[in-house]
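**Student:** Coordinates for the following, if possible.
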Amino acid sequence: MSEDSSLDQLNDAILRTRAEHRTAMAALRNTQRAYGHFVPKSFLNFLGTTDISAIQLGDFVEMKTSIMFADIQNFTALAEELKSADVFATLNTYLAQYEAPIHGHSGVIDKFLGDGALAIFRTADDAVAAGNEMLERVARVNQDRARLGLPTLEIGIGINTGYSALGVIGNAERLETTVIGDSVNVAARIQDLTRRFGNRMLISETTYLNLDDTASYAIRFADRIEVKGRTRPVSVYEVFDTEREQTRTPKIIGLDLLEDAVPCYHLGYYQKGLDILARYSSIADADPLARVYMERCRVRRGAEASSLPQQIDQEFLWNPSYDTGHQASMINIIIGSKFMLPCAVRCAAAAGWIPSACLSTPRTIR
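**Tutor:** Next up is the predicted model:
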């Protein structure tokens, strides 16, 4: 064999090896991308690695996160009327609106849960900003679907901030990443409330407290809720930045009145609450949260009328056990007279006591 022939064979072997290497690398990248559909790289970053082969059963990290649950409301009822292909098409159309906002705000979709999703964020601001963008995208999808005569759906979002464990569960044959902790349970419970209150996004008191600038959002206090396994109720706030102008503006204009009505209900002064809510409803007549409190006041007034205080012109301190999650958690209130300290939705949960400096001079109810 000549020297030239040997060189030609060597060059051919080198070229084949390079081609095989490129093919193998392309296959590896495709495999990594495929794994990324099931275990996002951003979740691996939480665990301190970028190599999926490095994670093992039982790996976990505990850290402060903001947990988001997002759910398509009334999807089950709609799905019963659709063919299977249309169910999947509709579901994926709405779930697709989650990805860009969540990833764009440094979040990760941990898993899809039927017609909902669980996402994890490093900060409260990222979670709330992503939620607002998701709602905006869904609104645009609904406009397009309405023009085509297709059914439209809404999503409900619940966010809670706290410490949780992110890690790997399963067995030797199948592994799965997940997030576990009380903060996850609270987020799920808060998301469930969006149906009751007829709103799109609710956040917990801890999420509210962890926002860098609450004034940059449209936020108001919604309620106190009992959560299974917790001895202390959780304050919940509504974020309504993305609402249509015709409903958003009245909520802002009447905010002080609603903040006056809420403590009346929690303190047991139901008629006073109804009177204020009637005035609020003349401004924001389409507000479902106001209707919830009006119904509560009516029911409690009828059931407990005989137990209401006889003398209503009195100073009443907001007991820590009634804490609605505002900074002024002991509200100095004069029921039945013309003064009341606002139940300030711009403040958040106190620790069960409040310095006297926080009890400011009562203001006149308009």
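**Student:** And W318, what's its pLDDT?
**Tutor:** We have a pLDDT of 38 for W318.
**Student:** The chain should start at 136 in everything you say after this.
**Tutor:** New numbering, starting at 136: the last item is W453.
**Student:** can you map out the helices along the stretch 136-285 of the chain?
**Tutor:** 138-173, 176-181, 210-214, 219-239, 259-282 (DSSP state H, counting those that start in this stretch).
**Student:** Can I get the ones you listed in CSV including mean neighbour count?
**Tutor:** All C-beta atoms are positioned from the backbone trio N, CA, C, and that covers glycine. Below are those laid out as CSV (neighbours: other Cβ atoms under 10 Å):
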stretch, mean neighbour count
helix 138-173, 10
helix 176-181, 18
helix 210-214, 15
helix 219-239, 16
helix 259-282, 19
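**Student:** Nearest approach to R436 belongs to which of these?
**Tutor:** helix 210-214 (33.9 Å; Cβ to Cβ).
**Student:** Check which helices and strands the closest one is in contact with.
**Tutor:** helix 219-239 (3 or more Cβ pairs under 8 Å, 6 or more residues apart in numbering; DSSP states H and E).
**Student:** Name the surrounding residues that touch the helix it packs on.
**Tutor:** For helix 219-239, contacts defined as Cβ atoms under 8 Å, 6 or more residues apart in numbering pick out 177, 203, 205, 207, 210, 213-214, 217, 243-244, 247, 250, 252, 254, 256, 264-266, 268-269, 272-273, 276, 280, 286, 288, 290.
**Student:** for that helix, what is the average pLDDT?
**Tutor:** 91.
**Student:** CA-only coordinates of it, as PDB, when you get a sec.
**Tutor:** Output in PDB follows, covering the C-alpha atoms of helix 219-239 (Å, rounded to 0.1, in the frame of the first residue of the first chain):
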ATOM      1  CA  SER A 219     -61.000  14.900  23.700                       C
ATOM      2  CA  ALA A 220     -58.900  16.600  21.000                       C
ATOM      3  CA  ASP A 221     -60.500  20.000  21.800                       C
ATOM      4  CA  VAL A 222     -59.900  19.400  25.500                       C
ATOM      5  CA  PHE A 223     -56.200  19.000  25.000                       C
ATOM      6  CA  ALA A 224     -56.000  21.900  22.500                       C
ATOM      7  CA  THR A 225     -57.900  24.300  24.800                       C
ATOM      8  CA  LEU A 226     -55.900  23.200  27.900                       C
ATOM      9  CA  ASN A 227     -52.500  23.700  26.200                       C
ATOM     10  CA  THR A 228     -53.600  27.000  24.800                       C
ATOM     11  CA  TYR A 229     -54.000  28.400  28.300                       C
ATOM     12  CA  LEU A 230     -51.100  26.600  29.900                       C
ATOM     13  CA  ALA A 231     -48.900  28.000  27.200                       C
ATOM     14  CA  GLN A 232     -49.500  31.500  28.600                       C
ATOM     15  CA  TYR A 233     -47.700  30.500  31.800                       C
ATOM     16  CA  GLU A 234     -44.200  29.700  30.400                       C
ATOM     17  CA  ALA A 235     -42.900  33.000  29.200                       C
ATOM     18  CA  PRO A 236     -43.900  35.100  32.200                       C
ATOM     19  CA  ILE A 237     -42.700  32.500  34.700                       C
ATOM     20  CA  HIS A 238     -39.300  32.000  33.000                       C
ATOM     21  CA  GLY A 239     -39.000  35.700  32.300                       C
END
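**Student:** Mind listing what's buried along stretch 343-358?
**Tutor:** If you call a residue buried by 16 or more other Cβ atoms under 10 Å, then stretch 343-358 has these buried ones: Y343, L344, N345, L346, T349, Y352, A353, I354, R355, F356, A357, D358.
**Student:** Without its sequence neighbours, what residue ends up closest to the third one?
**Tutor:** Meaning N345. Excluding the flanking residues, the one nearest N345 by Cβ to Cβ, 6 or more residues apart in numbering is A259, at 3.8 Å.
**Student:** show me what contacts the one you found?
**Tutor:** A259 touches S201, I294, T296, I338, T342, Y343, N345, L346, counting by Cβ under 8 Å, 6+ apart.
**Student:** Do a quick rundown of the helices in the stretch 286-435 of the chain.
**Tutor:** Using DSSP H, counting those that start in this stretch, helices in the stretch 286-435 of the chain cover 317-332, 340-344, 380-388, 390-402, 405-416, 423-439.
**Student:** Output the contacting helices and strands for the fifth one.
**Tutor:** Applying 3+ Cβ pairs under 8 Å, 6+ apart, we find helix 405-416 packed against helix 390-402, helix 423-439.
**Student:** tell me the mean pLDDT over that helix?
**Tutor:** 93.
**Student:** Same question for the first one.
**Tutor:** Along helix 317-332, the predicted local confidence has a mean pLDDT of 90.
**Student:** now what about that helix, what contacts it?
**Tutor:** 200, 202-206, 208, 251, 253, 291-299, 335-339, 341, 357-358, 360, 362-365, 369, 371, 373, 423-424, 427.
**Student:** try the second one
**Tutor:** Counting by Cβ under 8 Å, 6+ apart, the neighbours of helix 340-344 from elsewhere in the structure are 201, 259, 262-263, 294-297, 318, 349, 354, 369-372, 460, 483-484.
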